[in-house]
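Chemist: turn this into a structure:
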Amino acid sequence: MEISNSAPAPVRAFMLLCGMMATQIVIALIKSRVFEAMGKEQKTAAEIASECSLNENVLSRTLRYAAQLDLVTKNGNSYSLTDIGRCFLKDTPGSFSTSAPFLTAPPWRDSWQNFSYSLQTGKPAFDQVWGTSFFEFLETNEEYGKPFNQMGTERSTMMAPTAVEAYDFSAFNTICDVGGGQGMLLKVILENNPQAKGILFDLQNTVKNHVLGSLDNRFEVISGSFFEHVPNADCIILKAIIHDWSDENSEKILSNCRRALNPEGKLLLIEFVVEEPYNPMLLFADLHMQVMIGGAERTELEFRDLLQSAGFALNRIIPTKSGMVIIEAV
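Modeler: Numbers count the residues shown, from 1 in each chain. Next up, the predicted model:
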């Protein structure tokens, strides 16, 4: 929410309390198809209201406030989407049109409403609210699990080319993507490395919808839990996995990877790294990991110590154009 630094402190404090309301405005505009109706054109509130079957008066007042959120620009009697507003169009790369309503659904909303529980105990609020862990919940509630897995595939679609560009996979004969979701990252890696075969390893409900079919006989799909075992490979990849877990659980996962990694093999963690100057979005993600699953975004030193506890040594950190880094360990 846009809050001018020149606004009086009480006004800025009050607007912080209104964040939930701003979120609901965005969700309503998505569900009412307002962003799609506007597209790349300039339209009046009357035109949008007619197209979307909305109350013109309330829509006009909503768009007036949406301009304060930098979602739209007002030009006379017409409105057009800003760069931020276009992030909610379905055909925009990395669009939030699907994930926004999903991330404000009861499992997320109610867990954040109990953030104080995490603050007091250091445990995930989700478990306390829903009586089960986040990933167990997704396994038994397909209406949330299916779009969650799809979001992971969409993120991998954007990130995978940057990983292949930044890191040389040509030395590996067997590459295992642990917790690899539907396999989009592994698919891109194998397409660019014809010498390699791949293993996609994740829970059964996730891998059953894998995207590796076009790779003929160059892949194997194995279902299981990385807390129990990990398939053997020359290269083991954990993309956005370690940030999901506490240090204790992360050490268990990494120890299983240590046992499964072939001699002279490499472990690759693909993660964000917390560093100064701080990225506010990453700091928020850090707290979100805590609330939902008891995880954390980590600093380089924290990754180094965590890897060492599982018998690895951090070898190097390779940046990618996605903002994530590839942490190579041996």
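Chemist: I'd assumed Phe88 was in contact with Phe96.
Modeler: Yes. Applying CB atoms under 8 Å, one finds Phe96 in contact with Phe88, separated by 5.6 Å. The way it works is simple: take the backbone N, C-alpha and C, and place the C-beta from them, glycine included.
Chemist: looking at those two, which has the bigger crowd around it?
Modeler: More neighbours surround Phe88 than the other of Phe96 and Phe88, with 22 against 18 (other CB atoms under 10 Å).
Chemist: and that one, how far from Val72?
Modeler: According to CB to CB, to the nearest Å, Phe88 stands 11 Å off from Val72.
Chemist: before we move on, what about Asn141?
Modeler: Per CB to CB, Asn141 is found 35 Å from Val72.
Chemist: cool, Asn217 as well?
Modeler: Note on Asn217: its distance to Val72, by CB to CB, is 51 Å.
Chemist: of the two, who's got more company?
Modeler: Set Asn217 next to Val72 and count neighbours by other CB under 10 Å: Val72 wins out with 25 against 6.
Chemist: list the residues that contact the more buried one.
Modeler: Met38, Leu63, Ala66, Tyr79, Ser80, Leu81, Thr82, Gly85 (CB atoms under 8 Å, 6 or more residues apart in numbering).
Chemist: now do 6 Å
Modeler: By CB atoms under 6 Å, 6 or more residues apart in numbering, Val72 lies in contact with Leu63, Ala66, Tyr79, Leu81, Gly85.
Chemist: what bridges to it?
Modeler: Counting by DSSP bridges, Val72 is bridged to Leu81.
Chemist: also Ile327?
Modeler: With DSSP bridges applied, Ile327 shows beta-bridge pairing to Leu269, Ile317.
Chemist: isn't it right next to Ile317, touching?
Modeler: Yes. Here Ile327 reaches Ile317: they are 5.4 Å apart, a contact under CB atoms under 6 Å.
Chemist: please name the nearest non-neighbouring residue to Ser223.
Modeler: Gln204 (4.0 Å; CB to CB, 6 or more residues apart in numbering).
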